[in-house]
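Student: coords please:
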Amino acid sequence: MDSKSNSELARLEDAARAAWLYYVAKNTQDEIAQKLEVSRQSAQRLVALAVTEGLIKVRLDHPIAKCMELAEQLKHRFSLLECEIVPSDPSDESSVHGLAQTSATVLERYLKSAQPKTLAFGTGRALKACIDELPSMQCPQHKIVSLLGNMMSDGSASAFDIVVSMANRVQAKHYPMPLPVIANSVTEKNILHELAPIKSILALVEQADATFVGIGQIGEQSPLLLDGFIDQDKLNELVNDKAAGEIISWVYDHQGQLLAHPINQLVMSAPLIPNANKPVYGVAAGKNKVNAIFAALQGGLINSLITNEYTAEQILAKK
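Tutor: Numbering: from 1, shown residues only. Below is the predicted model:
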């Protein structure tokens, strides 16, 4: 239940209206004050409140030459279908500002299609931020399908599963995968993958018109460790075995090949298909992601990339 009082909700309503007049209708603060019958100072405070409450989502609609040049270089070097590069914060190499907004813009292109689309999704922080940037939409013609399980080994929900929240936002039919991310045994994995609903979901994944995945690094701040899918000992094993990254929990080496490690025998996710003929967007950026993204590109595990200037430059500098 919303904890805000009626007066607070009413003030947010006024803030949203003031922000719409300012950012969309291009009214001055004097005009807003007149239309809302408040003082100019109150109008200014309402617009500021809309910003601080996160009611305003900003998207830059102007190409930046350097970003475009980096995108073209990456497309040429790795034979990418699509590449979007966002500006970097010069003071923060690990900043991912702008990544979510650009990813949401790409995703909206598919969602706005009148033709039915099947869209497949991984999980993770970058993709969750992307979904949070989507506007409310009515897309009953589309199907949204998960690439991996939405449960931890104890049955609790995965914190960064996004299919259900996205479907609620865009009103599309959705297909979460009711499985643990990693099985306890190969026997358990085989039994669960034989269930008819799981077969149906995996078949939908094969038909996906576009796929969106996050890219996790192996090592410091590894999502597999942070999210509780593996322990420190298992992570140390992967590091010693020269793992570079993971996509939907499939672990791969520095050439982008699946690692010959027992964990990959237990991953319940849909298979990774190298050099797919439909877009597979990797959404990731930051200093600690460079090696994982580079390896994924080399192995053809993704064929489209959404990242930032800093990360793009670091990737292109690698031989």
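Student: CA atoms for contacts and neighbours, from now on please.
Tutor: Noted.
Student: just the helices in the protein please.
Tutor: 6-19, 29-36, 40-52, 65-78, 99-111, 125-132, 163-170, 186-193, 196-206, 223-226, 232-240, 263-266, 290-298, 309-317 (DSSP state H).
Student: got those helices as TSV, with mean pLDDT columns?
Tutor: Output for the helices of the chain, formatted as TSV (pLDDT from 0 to 100):
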stretch	mean pLDDT
helix 6-19	86
helix 29-36	92
helix 40-52	91
helix 65-78	95
helix 99-111	93
helix 125-132	90
helix 163-170	92
helix 186-193	96
helix 196-206	96
helix 223-226	86
helix 232-240	92
helix 263-266	95
helix 290-298	97
helix 309-317	96
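Student: Nearest to residue 247 among the ones you listed would be which one?
Tutor: helix 290-298 (8.5 Å; CA to CA).
Student: re the thing from before, quick one, which of the helices of the chain is packed in tightest?
Tutor: helix 290-298 (a mean of 24; mean count of other CA atoms under 10 Å).
Student: Check which helices and strands it sits against.
Tutor: strand 216-217, strand 243-247, strand 250-253, helix 309-317 (3 or more CA pairs under 8 Å, 6 or more residues apart in numbering; DSSP states H and E).
Student: switch to 7 Å and redo it
Tutor: Here helix 290-298 touches strand 243-247, helix 309-317, going by 3 or more CA pairs under 7 Å, 6 or more residues apart in numbering; DSSP states H and E.
Student: Go through these and name the closest to residue 66.
Tutor: Between the helices and strands packed on helix 290-298, helix 309-317 lies closest to residue 66; by CA to CA that is 8.1 Å.
Student: counting contacts, what elements does that closest one pack onto?
Tutor: Using 3+ CA pairs under 7 Å, 6+ apart: helix 309-317 touches helix 290-298.
Student: So what touches the helix it packs on?
Tutor: 78, 215-217, 244-245, 254-256, 302, 311, 314-315 (CA atoms under 7 Å, 6 or more residues apart in numbering).
Student: swap in stretch 181-198?
Tutor: With CA under 7 Å, 6+ apart, stretch 181-198 has contacts from 148, 149, 150, 151, 152, 177, 199, 265, 266, 267, 268, 269.
Student: likewise stretch 249-257?
Tutor: 242-246, 258-259, 264, 267, 295-296, 298-299, 301.
Student: Now the buried members of these.
Tutor: 243-246, 258-259, 264, 267, 295-296, 298-299, 301 (16 or more other CA atoms under 10 Å).
Student: now those as JSON lines including distance to residue 183?
Tutor: Formatted as JSON lines, the buried ones among the contacts of stretch 249-257 follow (distance: CA to CA, whole Å):
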{"residue": "243", "distance to residue 183": "20"}
{"residue": "244", "distance to residue 183": "22"}
{"residue": "245", "distance to residue 183": "19"}
{"residue": "246", "distance to residue 183": "16"}
{"residue": "258", "distance to residue 183": "18"}
{"residue": "259", "distance to residue 183": "17"}
{"residue": "264", "distance to residue 183": "10"}
{"residue": "267", "distance to residue 183": "6"}
{"residue": "295", "distance to residue 183": "25"}
{"residue": "296", "distance to residue 183": "24"}
{"residue": "298", "distance to residue 183": "28"}
{"residue": "299", "distance to residue 183": "25"}
{"residue": "301", "distance to residue 183": "23"}
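Student: Need the max-distance pair from these.
Tutor: Every pair of the buried ones among the contacts of stretch 249-257 checked by CA to CA; the farthest is 267 and 298, at 21.9 Å.
Student: In space, not sequence, find me the middle residue of the chain.
Tutor: residue 127 (1.5 Å; CA atoms, centre = their mean).
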